[in-house]
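Q: Give me coordinates for this.
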Amino acid sequence: RLSGADGSVETDVELAYYKTDVAMTKDDLSSLDDSKWTKYEKEFEIEPDERFIIYLRVTNEAGLHGYFSSDGLVLDGTKPAISISYNNNDNTSAVDKKYFKETRTATIEFKERNFSSENTEFSFSVKEAGKEKATEINCKLAGLKEALTEYSSIFGEIVIEDSEVNSGEYTDERIITVTIPFEADGEYTINSISSKDLAGNEIIVNDKSQPKELKEGQGIGDAEAGSFVMPKGTEAPLNFVVDTKAPILEVAYKDGDSNGNEQKGYYSSARIATFTLTEWNRNGEKAPIAVNASNLGKQPVESTYTE
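A: Now for the predicted structure:
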């Protein structure tokens, strides 16, 4: 917005302005036809999502001109878009589709011309296998690699790429890609991802967000401004469990009376078998141990169960 103290002009000089997206020299401005200049009489509005330079021409009573410029203005009225995808969407639970028996790598993409890594923040919760408490991790994208290096046993190598890093001037198709491998067994929760561009437009993704599923073959480039999207077929984008190890089952016997025939497997009194299951990821449910015996009149029965 260009204005005087109260939006009006009271001066002995004449003010006129010229709006363009091209940088111009004093000679260029001097050679402009007078019809290209707009007399400035009161404040005026500028549409959002424009990039331009406003040149001001000041003409005194002697008809001499002076020129001033805005040095380039960027008006941005649109929010960033965010996409989350994974290399592994083969969940192993028909009931709760968040369990995966292989590691997952997340690809998080931001579509934003005026992207700011300082204003992009991540919040994770990680409950490693066998541990009671979750680890909370909060950091900016600008320090993401350094922050997750401390947890190298959990995360793989973090990769951050900018599609227009060497372009000199950013476009609306600019995409920032963040790759995060989740490599340790455990439960992972992306509590939130927020990104605020240089103009202050912000998007926040959390468990209350409703992602839009893209069509086959579409990507972040097809996303609308301010949207949270994921490719078709993406499962459990914000909360999932990685469990790459099979349960361990051991059996030990408290022998009955063998009468010296234990080598042959004959006992005159009952034997007690104790099964020990080692598995961290059971959701508190009773371990599903089934014992089937052959050549017996009846099957063994469970007597006690402890955890």
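Q: Below-threshold pLDDT in this protein: ranges please.
A: Flagging of the chain using pLDDT under 70 yields the residue ranges 1-12, 47-51, 71-75, 94, 255-268, 282-307.
Q: Give me the most central residue, it.
A: Closest residue to the average C-alpha location of the chain: Ile108 at 4.4 Å, with C-alpha atoms, centre = their mean.
Q: does Pro231 really touch Gln218, like I thought?
A: Yes: look at Pro231 against Gln218 with C-beta atoms under 8 Å: they come within range, at 7.3 Å. Heads up, the C-betas are built off the backbone N, CA and C, glycines and all.
Q: Which of those two has more residues huddled nearby?
A: Pro231 (19 against 14; other C-beta atoms under 10 Å).
Q: Which residues lie in contact with the more buried one in this structure?
A: Taking C-beta atoms under 8 Å, 6 or more residues apart in numbering as the contact definition, Pro231 lies against 83, 85, 213-214, 218-219.
Q: Please report the distance of it from Phe182.
A: To Phe182, Pro231 is 18 Å away according to C-beta to C-beta, to the nearest Å.
Q: How about Thr274?
A: Per C-beta to C-beta, Thr274 is found 36 Å from Phe182.
Q: Likewise for Glu43?
A: According to C-beta to C-beta, Glu43 and Phe182 sit 53 Å apart.
Q: now Ala252
A: Here Ala252 is placed at a distance of 36 Å from Phe182 (C-beta to C-beta).
Q: returning to that earlier point: among Glu43 and Phe182, which residue is more densely surrounded?
A: Neighbours were tallied for Glu43 and for Phe182 using other C-beta under 10 Å; the higher tally belongs to Phe182 (22 against 13).
Q: next one: phi and psi at that one?
A: Main-chain dihedrals, Phe182, degrees, to the nearest 10: phi -100, psi 100.
Q: quick one, strands of the stretch 201-307 of the chain?
A: Along the stretch 201-307 of the chain, the segments classed as strands by DSSP state E, counting those that start in this stretch run 202-206, 212-213, 228-230, 239-242, 248-254, 272-278.
Q: Mind putting these into JSON lines with mean neighbour count and distance to Ser117?
A: JSON lines is the format used below for those (neighbours: other C-beta atoms under 10 Å; distance: least, C-beta to C-beta, whole Å):
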{"stretch": "strand 202-206", "mean neighbour count": "17", "distance to Ser117": "14"}
{"stretch": "strand 212-213", "mean neighbour count": "12", "distance to Ser117": "25"}
{"stretch": "strand 228-230", "mean neighbour count": "20", "distance to Ser117": "19"}
{"stretch": "strand 239-242", "mean neighbour count": "20", "distance to Ser117": "25"}
{"stretch": "strand 248-254", "mean neighbour count": "10", "distance to Ser117": "44"}
{"stretch": "strand 272-278", "mean neighbour count": "12", "distance to Ser117": "43"}
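Q: Select, out of those strands, the one closest to Tyr99.
A: With C-beta to C-beta as the criterion, Tyr99 lies closest to strand 239-242 of these, at 5.0 Å.
Q: What lies in contact with the closest one?
A: The contact list for strand 239-242 (C-beta under 8 Å, 6+ apart) reads 91, 98-100, 102-104, 182-190, 207, 281.
Q: Just the buried residues from those, in ChimeraX please.
A: Restricted to buried positions by 16 or more other C-beta atoms under 10 Å, the ChimeraX selection for the contacts of strand 239-242 reads:
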select :91,98,99,100,104,182,183,184,185,186,187,188,189,190
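Q: so of the contacts of strand 239-242, which ones are in helices?
A: Among the contacts of strand 239-242, DSSP state H puts none in helices.
Q: Select from the contacts of strand 239-242 every entry located in strands.
A: With DSSP state E as the criterion, strands contain 99-100, 104, 182, 186-190 from among these.
Q: nearest to Glu128, of those?
A: Closest to Glu128, out of all of the ones in strands among the contacts of strand 239-242 and judged by C-beta to C-beta, is Gly186, at 4.2 Å.
Q: For the closest residue to Gly226 other than its chain neighbours, give its distance to Ser163.
A: Leaving aside its sequence neighbours, Gly226 sits nearest to Lys79 (C-beta to C-beta, 6 or more residues apart in numbering; 3.4 Å). Taking C-beta to C-beta as the measure, Lys79 falls 19 Å from Ser163.
Q: looking at it, Glu157 is touching Glu183, isn't it?
A: No: with contact defined as C-beta under 8 Å, Glu157 does not reach Glu183; the gap is 9.8 Å.
Q: Name the residues contacting each of these two.
A: Counting by C-beta under 8 Å, 6+ apart, nothing touches both Glu157 and Glu183.
Q: unless I'm mixing things up, Asn114 is touching Tyr170, no?
A: Yes: using C-beta under 8 Å, Asn114 makes contact with Tyr170 at a distance of 7.0 Å.
Q: What is the neighbour count of the nearest residue in space to Asn87 that is not next to it in sequence?
A: Nearest residue to Asn87, sequence neighbours excluded (C-beta to C-beta, 6+ apart): Thr105, at 4.7 Å. The local packing of Thr105 (other C-beta under 10 Å) involves 16 other residues.
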